[in-house]
Each structure stands twice: as structure tokens, then as C-alpha cells.
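Asker: Curious how this folds, go ahead:
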Amino acid sequence: MRKRAAVLCGAAVVVAGSFTAVPADASTTHSAVTAQPAKVSWKKCGTTEHPTLQCGTLRVPLDYRHPSGQKITLALSRVPHTAKTYQGPLLVNPGGPGGSGLSLAGFVASSLPKAVAAQYDVIGFDPRGVGASKPALDCKPGYFKPVRPDSVPSTPAVERANLTRARSFAAACGKKYASVLPYIDTVSAATDMDSIRRSLGAKKINYFGYSYGTYLGSVYAKLFPQRVRRLVLDSIVDPTGVWYDDNIRQDYAFDARHRAFMAWVAKYDATYKLGTDPAVVEAKWYAMRAALAKKPAGGKVGASELEDTFIPGGYYNGYWPTLAQAFAAYVNGKKTGPLVKAYGSMAAVDASGDNGYSVYTAVQCRDAAWPRDWHQWRKDNWSVYAKAPFMAWNNAWYNAPCAFWPTRTLRPVNIANGKLPPVLLFQATDDAATPYEGGVTVHHLLARSSLVVEQGGGNHGITLSGNSCLDKYLSAYLSNGTVPRGHHGDADAVCQKLPDPKPAAAKTKAASTSEAVAPASDAPRGATLHGLLGFRN
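Answerer: Okay, the predicted model is just below:
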């Protein structure tokens, strides 16, 4: 999920030639389905925030080439339409892979203009292996239990410790889910989406996906172009780099976003007292990391956990005030409490996180080939680390089980498509998780797409997050299919980013405070959305 735009027009065409239309042994997966799935039986499961929410389940084949064989269960949610004008189901996905979409349905339905949401059945779903779907993967509970080895393999012993962890996770997945792992992949998940469509009795679906959900939606559109009515992709995965290259590119973008955060902290030196020079602030952050590598805060936050805690700031700047307060409290007051609290709220992995990570690895390790020679990983990541150290090795170990994955791999889908109706794309120029160039690439690969750019924006997931300029394009498209057609270079429309947050008003003496506060944002919907999208998965 990661790249820079000038060379992309030509690159998209060249790289696409190295892909197959559909993964090698999945080319018949979607065409083998003949049996009509049962209709979903919906039951009330409303909440205070979303009182009309309904829930249901759907049985689908584990292997679509054998539709009468073993079945798995998908968990679904729905906010039903209320308007006389009905535009069909709108499937929503928060990304990952490994993200649960059940709660996203209520959020999308309540965040769109009422007149627009009322015309759709907004459908959330947990993809195969995720959350309330069965079986739900959990390869190795407690895999992220602190304190982990330092992510930077500065000695052979540290590298061996991290390699042992990665191998053990892959082996645990292979042993526990030998019969399931070969079918946890994007093509199978996309085929599940068509089973959902058929169970709903819809000739076509509308789709709205964030992050990895953009790749899932693009793959669905490639497999079932005649079934796509409207397609919205927000914060777009570069399909020409799935997944090893995308992760390498992502490292550079996260490092740049971390430095943007350091500059923000320097701007508010009166609050945080960490210096007015971003380079000085950054040096203090790395000094904090070195200290925690020797003595973890509260016995929980070592160097790797510190990185985990600050990576969310690369996804969403609404977390910056909380992170800055914890940073300042440690450096200026030698207080570890705020760091421990921030880790607990932003980075600690619970059972749901174990499940999400298990699906993340299962999908990414299966979707595409990864280097099986660890020497290649070592060479590539030390090269990245020399220029962009913030997340380089942390990200490498997060994905390292793919070097030892027990299933064979597919080939990525060439999502190039000239058979779709107009498609609407959203991308921030400084997004770290899915860098801008991925949006440009997909814009060129989807023939009738329009790209709306948030200029200067660095958040991941930008619609329904408080930017009214972006949301007006989304609402118009979902209302009547209207897309912008402009002359802004690669973009068809440009919106300015929202202002960066300011230090939390209630904590003006953050440098000496001993407590972190909840994520601060000028756009509460942004905080809610990013809580649903999560980090990485």
C-alpha cells in the first residue's frame, strides 16, 4: 500500500503487463458458482447510535470451484433504505485486510446526507476469516504481547529472535488452519461479495471501500464488471505493488509523515517544550526510543511498542495531540504513564487484533509472491532504514511471516478495466498508508474513473471525515452518478485539506502532565471513522 506521481502515467501501463487477469488457480473460482445462495434472514441488532441496524449471516463455499463442498459463514449487517427511490445495496469495507465491516454500515448510513443514505441498503460484512464470520482466524493468540524484541536487528541475536517469532507465527497458522488458508485471499473474498449480491436478489451492487477495501473492490469489478453499478474507492492501494513492493514504498511515506508530526510538535513548542527545530524534536524522539529499548516504560513499552504507538499518527493527525503529550511527558518529566496509556489505547493488540492480523497475513501472504530468501528482505530493509528509519524494520517484521508462509501464492489481479460505469476515486497527496501514486495508477487503469484529490492531506481515509468539499462529490455520485471531469493534471477535482489539529485545550501544560487524553480532532467524525478503519488491519 505505498510511491511519487511524475512517472506514473507510463509506469501504470508497463507494470500492468506483468500481471494476469486473474490469479493462476483462481481463474475459474468466480465462474464455477451456480447454486443460488439462500436469502439472508435479517434480525434487529440496533445500537444507540444506529437503532435501525440489522444483522444476518450467509453460508458460502469455502472453495468456489467446489460449491457443494465445505461451507463457511459470513456475518453481515444492514441499515435498510427508507426512501421510495431505491438504488440497491451499497456494500462497504474498511480495509485491512482483516478489518471488520459490521459497524461501518451504521457509520456510513449516518454520515451520508439523510436523503442519500435513505436510498440504499447499506451493507456491512466481515470478510471470510474475520470477526463474526466463521471460522474466524486466530493463528497465535498473544503474538504481539509486550515486550517484543527490538525491531531494528542491530545484532545477529536480535535478528534471530525476530525471525523465530515470524517463523513460529507462519507455522502456527499452517498447523491450525491447513484446510482454510488456501482460500483466504482477495479473489475468494470478492467472490463472496457476489454471493452477497445474489443472496440480496440484486442485479448489481454499489460499493464503497477504504484502503485495502479499494483493492478488494477493484478485484470484484474485474471479476464481475457487469455487476457494478457504482464504485467508490478512498485511499487507494497501488495494485501494481501488491504486496511486498507496496510495503517497502509505504516505509518512505510513513517516515515523511512522522517528520511532519515532528514539525507540528516543534510548531507548538510553547506547549510541548521539545524545541522549535523539527530536527531537534526528531532527535529527542529517537533518543526516547533508545532509552525504551534498554528500559521499557511500565514494563510494556519497549522500542517496538513505541513504534506501534506512534504509527497511528501516520494514519490520522487527530492523534497528534495525545502522542505529543506522551512524548513530552517522558522526555521532560521522565513520566512513563502517558506512554503506557497511549500504547494501551492505540497499539495494544487484543483478541480482535489477533484475528485481524491473522487474516492480514493470510490474505497478503496468499495473494502474491514474497521473497523466500531472507537475505533479500535484509538487504531491502537495511536500504530503506538508511533513508527512512521510522517504520522500516517494524513494517518488515509485521510482514515477515510471508517469507515462511505454508501455502503457495497466487498472482496479483490486473485490475485494468474498461467495462465499468463511471468510478469515483479519492486520494490525499500525503497519505502514508496508501501513497498518492496508487490513486493515480488506479485512475489510469480504470478507464472511466474520476480522481478527487485532497491537496496537502495526510490522513488515510478522507471521505466522511469532516471535509465537506470531498463529501459533496461523494454525495453527488451516490445520488445520481455524477462525477467531476476536470483539468487538474491527474486530478479531476481538488479539495484543500482540513487544518491540522491544535494541542488539546484541556492540557496546556502537556510537558509536565502525567496523563494522556483521548485523541483530539476538530472533526469528531474523523476520529470515529479512523477508529473503525484501524491501523494496518
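
Asker: burial count for Ala493?
Answerer: Ala493 has 19 neighbouring residues, counting by other Cβ atoms under 10 Å. All C-beta atoms are positioned from the backbone trio N, CA, C, and that covers glycine.

Asker: out of everything not next to it in sequence, what's closest to it?
Answerer: Of all residues not flanking Ala493 in the chain, Pro484 sits nearest, at 3.9 Å (Cβ to Cβ, 6 or more residues apart in numbering).

Asker: Now do the SS call for the one you found.
Answerer: coil (DSSP: H, G, I helix; E, B strand; the rest coil).

Asker: residues in contact with it?
Answerer: Ser450, Val452, Tyr473, Asp492, Ala493 (Cβ atoms under 8 Å, 6 or more residues apart in numbering).

Asker: I'd guessed the fourth one sits against Leu451; true?
Answerer: Yes - the pair Asp492 and Leu451 qualifies as a contact (Cβ atoms under 8 Å) at a distance of 5.4 Å.

Asker: More neighbours: which of those two?
Answerer: Higher neighbour count among Asp492 and Leu451: Leu451, with 27 against 20, using other Cβ under 10 Å.

Asker: Touching, that one and Ala428? I think so.
Answerer: No - assessed by Cβ under 8 Å, Leu451 is found out of contact with Ala428, at 11.5 Å.

Asker: I'd like the mean pLDDT over stretch 176-194, please.
Answerer: Here stretch 176-194 scores 98 as its mean pLDDT.

Asker: Of all the residues in that stretch, which ones are buried?
Answerer: Using 16 or more other Cβ atoms under 10 Å as the burial criterion, the residues of stretch 176-194 that qualify are 177, 180-194.

Asker: likewise stretch 525-537?
Answerer: Per 16+ other Cβ under 10 Å, stretch 525-537 contains these buried residues: Arg525, Gly526, Ala527, Thr528, Leu529, His530, Leu532, Leu533, Gly534, Phe535, Arg536, Asn537.

Asker: Show me which of these is closest to Pro312.
Answerer: Phe535 (4.9 Å; Cβ to Cβ).

Asker: got the contact list for the closest one?
Answerer: Applying Cβ under 8 Å, 6+ apart, we find Phe535 in contact with Ile311, Pro312, Tyr315, Met346.

Asker: And the strands in the stretch 101-250 of the chain, which stretches?
Answerer: 121-126, 205-210, 228-234 (DSSP state E, counting those that start in this stretch).

Asker: could those strands go into a markdown table alongside mean pLDDT?
Answerer: A markdown table is the format used below for the strands of the stretch 101-250 of the chain (pLDDT from 0 to 100):
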| stretch | mean pLDDT |
| --- | --- |
| strand 121-126 | 98 |
| strand 205-210 | 98 |
| strand 228-234 | 98 |
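
Asker: possible to save those strands as TSV with distance to Ala161 and mean neighbour count?
Answerer: Output for the strands of the stretch 101-250 of the chain, formatted as TSV (distance: least, Cβ to Cβ, whole Å; neighbours: other Cβ atoms under 10 Å):
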stretch	distance to Ala161	mean neighbour count
strand 121-126	33	27
strand 205-210	34	27
strand 228-234	38	24
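
Asker: which SS class is Leu91?
Answerer: Going by three-state DSSP, the secondary structure assigned to Leu91 is strand.

Asker: Provide a list of residues in contact with it.
Answerer: Going by Cβ under 8 Å, 6+ apart, Leu91 touches Ile123, Gly124, Phe125, Met193, Ile196, Arg197, Ile205, Asn206, Tyr207, Phe208.

Asker: do Thr409 as well
Answerer: Residues in contact with Thr409 (Cβ under 8 Å, 6+ apart) are Cys365, Arg366, Asp367, Ala368, Ala369, Trp370.

Asker: quick revisit: which pair in the contacts of Phe535 has the greatest spatial separation?
Answerer: Pairwise distances across those peak at 10.0 Å for Tyr315 and Met346 (criterion: Cβ to Cβ).

Asker: the more surrounded of the two?
Answerer: Ranked by neighbour count (other Cβ under 10 Å), Tyr315 and Met346 place Tyr315 first, with 24 against 20.

Asker: which SSE is Glu305 in?
Answerer: Assigned by DSSP states H and E, Glu305 falls within helix 303-310.

Asker: avg pLDDT for that helix?
Answerer: Taken as a whole, helix 303-310 has a mean pLDDT of 98.

Asker: mind listing what Ala348 touches?
Answerer: Counting by Cβ under 8 Å, 6+ apart, Ala348 makes contact with Phe144, Pro146.

Asker: Kindly report the same for the one 10 residues further on.
Answerer: When contacts are counted by Cβ under 8 Å, 6+ apart, Ser358 touches Gly98, Gly129, Leu137, Asp138, Cys139, Lys140, Cys173.

Asker: Kindly reformat those residues as JSON lines containing distance to Val79.
Answerer: Below are these laid out as JSON lines (distance: Cβ to Cβ, whole Å):
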{"residue": "Gly98", "distance to Val79": "23"}
{"residue": "Gly129", "distance to Val79": "24"}
{"residue": "Leu137", "distance to Val79": "27"}
{"residue": "Asp138", "distance to Val79": "29"}
{"residue": "Cys139", "distance to Val79": "33"}
{"residue": "Lys140", "distance to Val79": "35"}
{"residue": "Cys173", "distance to Val79": "34"}
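
Asker: still on that earlier bit, out of the buried residues of stretch 176-194, who's nearest Arg257?
Answerer: Among the buried residues of stretch 176-194, Thr186 lies closest to Arg257 (Cβ to Cβ), at 25.9 Å.

Asker: Make sure the closest one is actually in contact with Gln364.
Answerer: No - using Cβ under 8 Å, Thr186 makes no contact with Gln364, being 9.1 Å away.

Asker: Mutual contacts of these two, please.
Answerer: Overlap of the contact sets of Thr186 and Gln364 (by Cβ under 8 Å, 6+ apart) consists of Pro97.

Asker: who's in contact with Val349?
Answerer: Tyr143, Phe144, Tyr357.

Asker: Can you tell me which of those has the most neighbours?
Answerer: Going by other Cβ under 10 Å, Tyr357 tops the contacts of Val349 with 24 neighbours.
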